[in-house]
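S.K.: sequence and predicted structure are below.
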Amino acid sequence: MKNLFERNENKLSITAVVVGSLAAGALAYLLFSETGKYVREQLTQRFRCNDYIDPAEKSEEVVADE
């Protein structure tokens, strides 16, 4: 017979639901709000690698150096 007074540990499940809900809310904010668009643009500018050289620009530089 099952012990009715035995406690089940649900902390991991509850934590996973809370973290998932926060992530979904943050993603919805970034994708669907006007201020989220502004935040996305700022993040893009901050994390964009300025050292990237487009292959087309690189070939032009090689031609210019010759």
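M.R.: Perfect, thanks for sending it.
S.K.: longest single helix anywhere in the chain?
M.R.: helix 11-32 (DSSP state H).
S.K.: check which element follows it along the chain.
M.R.: Of the helices and strands lying after helix 11-32 in sequence (DSSP states H and E), the nearest is helix 34-47.
S.K.: got the CA positions of that next one in PDB?
M.R.: Extracted in PDB, the C-alpha atoms of helix 34-47 (Å, rounded to 0.1, in the frame of the first residue of the first chain):
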ATOM      1  CA  GLU A  34       8.900  48.200 -29.800                       C
ATOM      2  CA  THR A  35      11.400  48.700 -26.900                       C
ATOM      3  CA  GLY A  36      12.500  45.100 -27.500                       C
ATOM      4  CA  LYS A  37      13.400  46.100 -31.100                       C
ATOM      5  CA  TYR A  38      15.600  48.900 -29.700                       C
ATOM      6  CA  VAL A  39      17.300  46.500 -27.200                       C
ATOM      7  CA  ARG A  40      17.900  44.000 -30.000                       C
ATOM      8  CA  GLU A  41      19.600  46.700 -32.100                       C
ATOM      9  CA  GLN A  42      21.800  47.700 -29.200                       C
ATOM     10  CA  LEU A  43      22.800  44.100 -28.500                       C
ATOM     11  CA  THR A  44      23.600  43.600 -32.100                       C
ATOM     12  CA  GLN A  45      25.800  46.600 -32.300                       C
ATOM     13  CA  ARG A  46      27.500  45.600 -29.000                       C
ATOM     14  CA  PHE A  47      28.300  42.100 -30.000                       C
END
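S.K.: list of residues touching it?
M.R.: Contacts to helix 34-47, defined as C-beta atoms under 8 Å, 6 or more residues apart in numbering, come from residues Tyr29, Leu30. Placement of C-beta: from N, CA and C, glycine included.
S.K.: between that helix and helix 11-32, how big is the angle?
M.R.: 90 degrees (axes from the mean of the first three to the mean of the last three C-alpha atoms, to 10 degrees).
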